[in-house]
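> Here is my input; please provide its structure:
(3 chains)
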Amino acid sequence: MVLVSAGLSIRGAQEEDPPDPQLMRLDNMLLAEGVSGPEKGGGSAAAAAAAAASGGSSDNSIEHSDYRAKLTQIRQIYHTELEKYEQACNEFTTHVMNLLREQSRTRPISPKEIERMVGIIHRKFSSIQMQLKQSTCEAVMILRSRFLDARRKRRNFSKQATEILNEYFYSHLSNPYPSEEAKEELAKKCSITVSQVSNWFGNKRIRYKKNIGKFQEEANLYAAKTAVTAAHAVAAAVQNNQTNSPTTPNSGSSGSFNLPNSGDMFMNMQSLNGDSYQGSQVGANVQSQVDTLRHVINQTGGYNDGLGGNSLYSPHNLNANGGWQDATTPSSVTSPTEGPGSVHSDTSN
DNA sequence: GCTAATGATTGCTG
DNA sequence: CAGCAATCATTAGC
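Modelled structure (predicted):
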């Protein structure tokens, strides 16, 4: 609109001077959305917002660029239309001026009259512009709500990501509250955002708690899985016969959550009790981990409140004897070694 | 098409 | 402000 008044050269006054709040709002919004801003960086602001809102996971960058493309499209339409209107306005104005000039030969025409005419034209065109802006805003809004409401286009996480998350969850069942660092680590590994990790854990905790039975199988599965990987790790260190038994709590995948002895591996613990280790050359640290585990197992409730220096865990709501889960469901908290009802499961390991 | 699973959002709480 | 609980909206399996 700056252009408009400038382009018209004639001070259109009337409508522009009292900055129409409605128009201002539209202008602000278009600016914020990057539609009417500086030529380049089409929709950078909005695009950034989109990126922030929906995380930069690889696959949704596709959607992201889709979003950007659509926004640029809107932007382009807006600009060409705007230009068209301005041009038309200018042309029409000069045309009228010429007419008036012609007429001024036959009859006297006061400058006031000219100004009035120009004013009328200008008003007409700026109302058209207003409409253009309004509909552009609407289009952007629709686009935004479509793309930014992640629920509309949610993708399931990759199998691998779910795997990683589940591994962490089940190997920290006694306190499935990853710290901020742990979340970041998980996020990186799964190529999702930290808040997605938080969401996932939030959902997981509550759904697990709600129907522990349903997750039993999964719990066993992941416990076994982590146990196996841990077993490999130990196998490398210790060349013992170890049939199938799970071993050191090397905390699932690659131990990047640096808390190797979190005593959370409830599943493994039981087999650990079967002392398949001689300690001897296992190395002090492994042995101590085993000890920790035993300790944990023997501990009353088993919801290892202690957990010794688990600095990575946010202590959150570990109540003394219970775990995070019995907050509302005293129900079947069963087995001391955590696996709610995992009693039968230990045989599988 | 129906339903379960699942990721995200909302409102509330401490 | 993190987490919980309820709920929504989409995806995936049948």
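
> Tell me where the model's unsure across the stretch 51-200 of chain A.
Applying pLDDT under 70 to the stretch 51-200 of chain A flags the ranges A:51-67, A:142, A:144-152.

> Helices of that one, start to end?
Ranges of helices in the stretch 51-200 of chain A, per DSSP state H, counting those that start in this stretch, are A:58-106, A:111-148, A:159-171, A:180-190, A:194-210.

> Next, format those as TSV and append distance to DNA strand C.
In short, each C-beta sits where N, CA and C put it, glycine included. Shown next, in TSV, are those (distance: least, Cβ to the nearest atom of the strand, whole Å):
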stretch	distance to DNA strand C
helix A:58-106	10
helix A:111-148	8
helix A:159-171	9
helix A:180-190	7
helix A:194-210	4
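
> Flag every buried residue along the helix or strand containing A:Asn28.
Following DSSP states H and E, one finds A:Asn28 within helix A:21-32. Going by neighbour count (16 or more other Cβ atoms under 10 Å), the buried part of helix A:21-32 is A:23, A:26-27, A:29-30.

> Could you pull up the mean pLDDT of it?
Average pLDDT, helix A:21-32: 82.

> Determine the set of other helices and strands touching it.
Contact partners of helix A:21-32 among helices and strands, from 3 or more Cβ pairs under 8 Å, 6 or more residues apart in numbering; DSSP states H and E: helix A:111-148.

> Direction-wise, compare the helix it packs on with helix A:21-32 and give the angle.
Relative orientation of helix A:111-148 versus helix A:21-32 (axes from the mean of the first three to the mean of the last three Cα atoms, to 10 degrees): 50 degrees.

> Can I get the helix holding A:Asn28 in PDB, CA atoms only?
Extracted in PDB, the C-alpha atoms of helix A:21-32 (Å, rounded to 0.1, in the frame of the first residue of the first chain):
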ATOM      1  CA  PRO A  21      -7.000  -1.300  11.700                       C
ATOM      2  CA  GLN A  22      -8.400  -4.000   9.600                       C
ATOM      3  CA  LEU A  23      -6.000  -3.300   6.800                       C
ATOM      4  CA  MET A  24      -3.200  -3.000   9.200                       C
ATOM      5  CA  ARG A  25      -4.000  -6.400  10.600                       C
ATOM      6  CA  LEU A  26      -4.000  -7.900   7.100                       C
ATOM      7  CA  ASP A  27      -0.700  -6.200   6.300                       C
ATOM      8  CA  ASN A  28       0.900  -7.400   9.400                       C
ATOM      9  CA  MET A  29      -0.200 -10.900   8.900                       C
ATOM     10  CA  LEU A  30       1.000 -11.000   5.300                       C
ATOM     11  CA  LEU A  31       4.200  -9.600   6.400                       C
ATOM     12  CA  ALA A  32       4.600 -12.100   9.200                       C
END
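
> relative to helix A:58-106, how tilted is it?
Using the same axes, to 10 degrees: helix A:21-32 against helix A:58-106 is 130 degrees.

> Nearest to DNA strand B among the buried residues of helix A:21-32?
A:Met29 (19.1 Å; Cβ to the nearest atom of the strand).

> any idea how far A:Met24 is from A:Glu115?
25 Å (Cβ to Cβ, to the nearest Å).

> swap that for A:His122, please
Applying Cβ to Cβ, one obtains 10 Å for the distance of A:His122 from A:Glu115.

> Ok, A:Ile121 next?
Distance from A:Ile121 to A:Glu115, by Cβ to Cβ: 11 Å.

> Comparing the two, which shows the higher neighbour count?
A:Ile121 (21 against 14; other Cβ atoms under 10 Å).

> circling back: can you tell me which of the helices of the stretch 51-200 of chain A is most buried?
Counting by mean count of other Cβ atoms under 10 Å, helix A:159-171 has the highest mean neighbour count of those, with a mean of 20.
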